[in-house]
Structure formats: C-alpha cells, structure tokens
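Engineer: below is the structure, and that's it, no one-letter string:
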C-alpha cells in the first residue's frame, strides 16, 4: 500500500489527467472511498484541489508572480539549492540556463568559473557578460517582462543549432507523472527543447514547488534526471520512484 503522502501526490496527478471520481480513485489506488475522501480533504486544505460533488478538480490556476516578487521568496532555500547544484557541475561544461529566480541564484555562482552558457535568462546577461571565463550565448526571442526571459520560435530556432552537457531549469510547479508546469505553451515548448538539447537535466526546485500544479502548461521530464531541492525526503520520494536522482541541499529540513 502506498504511503499517504505518496498516494496524495499520485491522486493529484490522476485528477490533473481527468480522473476525479472518488470510487474510481479508490479502485485505482486499492483503498476505501473514505480514505480517498480524507486524502481529498487534505489536498483541499492545501489548496491543491477544489472539491466537487462526488470527486474533485484541480484548484484554479494561480496568478503568475513577477520575477521581482519571486526573488524575494525563499531566498535562503534558493541559495542552498544553487550551491548544491554547483557541486554537480564540473568546470568547463556547456550549460543551458533556463529563466527564473532559482536559476539566477545559480548563475551568480558561476562568476570566476569557466563555462559556455546558453540562456534565455535576461538578468544573467549583466551578471556574466564581463566574466573572462564565460562564453555567453543568449537565446533571442519574445521577451516576457513578468519573468525577464525569452521564448518563442526565434529562441527555439537558435537553440536547435546548439547542444549542451547539462540543462539547469526550474518551474512554477513540479508534479510526479506530469513534469514541470508553467503559465504558457511557449515556455514549456522551449523548456522541452532545452531538455532535448542537453545530455543531462537538473531541476532546481525549493520545497514550495514540489507537488504544485499552479499553472496549466506542462513539460514532461526525461526518464533520468536530477532534482536538487531543500524538501524533506517524504516530499521528494515520488520523484525518486520515477527515476530521478534526488540531491538534498545541505542543511535542508
């Protein structure tokens, strides 16, 4: 029998895939309808779902926050995650760095190192362009002011000319069985292409992102990838079961 935390994550993925009936969920997971109802009550209390008659649906999509707002959230966790991720990256690798505040925290640590950096993360230009050991390649395209990143066909066309040793990415949310969620199809299209063009995929996500399905567009993850997080083992075990290598930031609770 699944542990309750792992089961709730799987229930959330099932609801996202369109299965929302209590009896159907009970049969799928081999538990009683009353157990499923308790799981749904817990997910509802966490605002991951909204209860309906006889079942549930995903909670309404969260309003996307600006990069400035996100930079002020969970700063200590993001710094610890960035430092743990740096330990995984040999000097001299070619890196794709996605947009977002956690990836920006990682990018700051690359000053003084030697790398080829391919990025759509606009704040990293000012941080890394003057570094003698950094070869910086910027993916042009349509600028999203709310995230200060680029996306769209121009960014994808440029990326198709390139390959990398490793992608470092984050997202608005991360769900077992679904992957990474973002607000727009353009974002997940570029993110999916980044995964294809990199030999290894590393996801940097603080505990608030795990099990979160706050946006409607999804980029599936490859069969093998690495998750760097501050979340406790219980919160990340479902990703390990799917094939991810889970690296916990030092000092994580």
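Structural biologist: Nice, thanks for sending it over. Small disclaimer: the values here were computed from a predicted structure and weren't measured.

Engineer: I'd like the next helix or strand past the worst-scoring helix or strand of the chain on mean pLDDT.
Structural biologist: When the helices and strands of the chain are scored by mean pLDDT, DSSP states H and E, helix 67-71 comes last with a mean of 48. Remark: after helix 67-71, the chain's next helix or strand is helix 75-86, criterion DSSP states H and E.

Engineer: next one: the next helix or strand after that next one to chain centre, how far?
Structural biologist: Where DSSP H and E defines the elements, the next helix or strand beyond helix 75-86 is strand 94-97. Computed by Cα atoms, centre = their mean, to the nearest Å, the chain-centroid distance of strand 94-97 equals 16 Å.

Engineer: pairing partners for strand 94-97, with directions?
Structural biologist: Sheet pairing of strand 94-97 (DSSP bridges) gives strand 115-119 (parallel), strand 164-169 (parallel).

Engineer: right, and those strands - which one's nearest residue 127?
Structural biologist: Nearest to residue 127, of all the strands paired with strand 94-97, is strand 115-119, at 10.1 Å by Cβ to Cβ. (C-beta placed from N, C-alpha, C; glycine too.)

Engineer: what's next to the closest one, contact-wise?
Structural biologist: 89, 91-98, 107, 110, 124-125, 128, 133-139, 159, 162, 164 (Cβ atoms under 8 Å, 6 or more residues apart in numbering).

Engineer: could you rerun that using 6 Å?
Structural biologist: Applying Cβ atoms under 6 Å, 6 or more residues apart in numbering, the contact partners of strand 115-119 are 94-97, 134-137, 162, 164.

Engineer: mean neighbour count for the strands paired with strand 94-97 - can I get that in a markdown table?
Structural biologist: Formatted as a markdown table, the strands paired with strand 94-97 follow (neighbours: other Cβ atoms under 10 Å):
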| stretch | mean neighbour count |
| --- | --- |
| strand 115-119 | 23 |
| strand 164-169 | 23 |
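
Engineer: can you put the ones you listed in JSON lines and add mean pLDDT?
Structural biologist: Output for the strands paired with strand 94-97, formatted as JSON lines (pLDDT from 0 to 100):
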{"stretch": "strand 115-119", "mean pLDDT": "98"}
{"stretch": "strand 164-169", "mean pLDDT": "98"}
